[in-house]
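Student: What follows is a predicted structure for the sequence shown.
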Amino acid sequence: MPTDPDAVPHEKPRPDEDRSNPSRRQFLRSAALFTGTALALGGGLELLTRRPGAVSSEEAPELARPARPLGPYDTSEPVTPYAQATTYNNFYELGVSKDDPARNASALRVRPWTVEIDGEVQKPVTVDIDQLQSWFPLEDRIYRMRCVEGWSMVMPWLGFPLAALLRRVQPTGEARFVKFTAVNDPQDLPGQQEAILDWPYVEGLRLDEAMHPLTFMAMGLDGKVLLPQSGAPLRLAVPWKYGFKSIKSIVRITLTASQPETTWSRAAPDEYGFYANVNPAVPHPRWSQATERRIGELRRRDTLPFNGYAEQVAGLYRGMDLRRFY
């Protein structure tokens, strides 16, 4: 992980905008247009095949978004500018610098794509990503995102609760944890051609964490189809945990009886634990977690316990020593 938690771009934030709730049909039509155009053109929206250069944030189609009031899971804080949210990323499969994911995004081909759901479930399934999109009504969620490095954003995700997918596959009585596995394509993904981490990237949640209504599967960002650098076509968003828990470009979801070993806890167990709940009282071994730098702002702000979601999620950890179970 980078050792400079204050390294952030210095672009001016845009005013907050009304969020909306595009229908599933609108999203599927836009996603289909996105895919079809990319396949049809030799340049321009060629996101599903490799080409040199970055995938621009302007290449994601805009969705019709009627104004809506804030929902029960939304923060009212100003949303991080889309151009910053899609060009300042940690996605080591595409490179270790913050601008590498956008520059190398065309290496990640998001069609065809399937997601396997297996393990301790009564109805295991391997589903095409477009079919998966059709299973659930899509929702807007405006979430805080806090990186373990000490910077943060506010992200307007579009997707569905993970609990809805897990209920569909019916966990068995033995299921206690959920393991997520990301894409593994070292032939095409530049970051996986280096021994940066033990590939593929793996993350995990306790089953009750996974079933919490805040735990979200994102397929869009800011009213647009999710770009490769943001973890297309399917990523996790767990807003009360550090960002490395929100695994990108998921290809497999496995329910298990035992706690899965995760990528960062295996790589640096003294720095990155399984739970990784945002906790300003527990410093990282190399820097404080008491404050953060919001992308687009110059001054640091105080970090909130559970990233501001303590009222909703603190009960999941009642009786646990949150300093020990980092």
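Tutor: Ah, there it is. Residues are numbered from 1 along each chain as shown.
Student: who are the neighbours in contact with Thr215?
Tutor: 161-163, 205, 209, 236-238 (C-beta atoms under 8 Å, 6 or more residues apart in numbering). Any C-beta I mention is one placed from the backbone N, CA and C, and that applies to glycine too.
Student: let's see 10 Å
Tutor: Residues near Thr215 by C-beta atoms under 10 Å, 6 or more residues apart in numbering: 161-163, 166, 178, 205, 208-209, 236-241, 246, 313.
Student: What of Leu205?
Tutor: Here Leu205 is in contact with 162, 177-180, 211-212, 215, 236, 238, 241, 245, 247, 259-260, 262, 274-275 (C-beta under 10 Å, 6+ apart).
Student: Okay, helices next: where are they in the protein?
Tutor: Using DSSP state H, the helices of the chain run over 24-40, 82-85, 100-103, 129-135, 162-169, 207-210, 263-267, 310-313.
Student: Lowest mean pLDDT across the ones you listed, which one is that?
Tutor: Of all these, mean pLDDT reaches its minimum on helix 24-40 (a mean of 46).
Student: circling back: what about the contacts of Leu205, which are in strands?
Tutor: 177-180, 236 (DSSP state E).
Student: Verify the contact between Trp151 and Gln289 for me.
Tutor: No - the pair Trp151 and Gln289 fails to qualify as a contact (C-beta atoms under 10 Å) at a distance of 11.6 Å.
Student: Those two: which is more packed in?
Tutor: It is Trp151, of Trp151 and Gln289, that has more neighbours when counted by other C-beta atoms under 10 Å, with 23 against 19.
Student: Identify the bridge partners of the residue nearest to the more buried one when sequence neighbours are not counted.
Tutor: Once flanking residues are discounted, Trp151 sits nearest to Arg293: 4.9 Å by C-beta to C-beta, 6 or more residues apart in numbering. Per DSSP bridges, the residues bridged to Arg293 are Trp151, Arg300.
Student: how close does the closest residue to Val169 other than its chain neighbours sit to Leu207?
Tutor: Leaving aside its sequence neighbours, Val169 sits nearest to Val121 (C-beta to C-beta, 6+ apart; 4.2 Å). Going from Val121 to Leu207 by C-beta to C-beta, to the nearest Å gives 11 Å.
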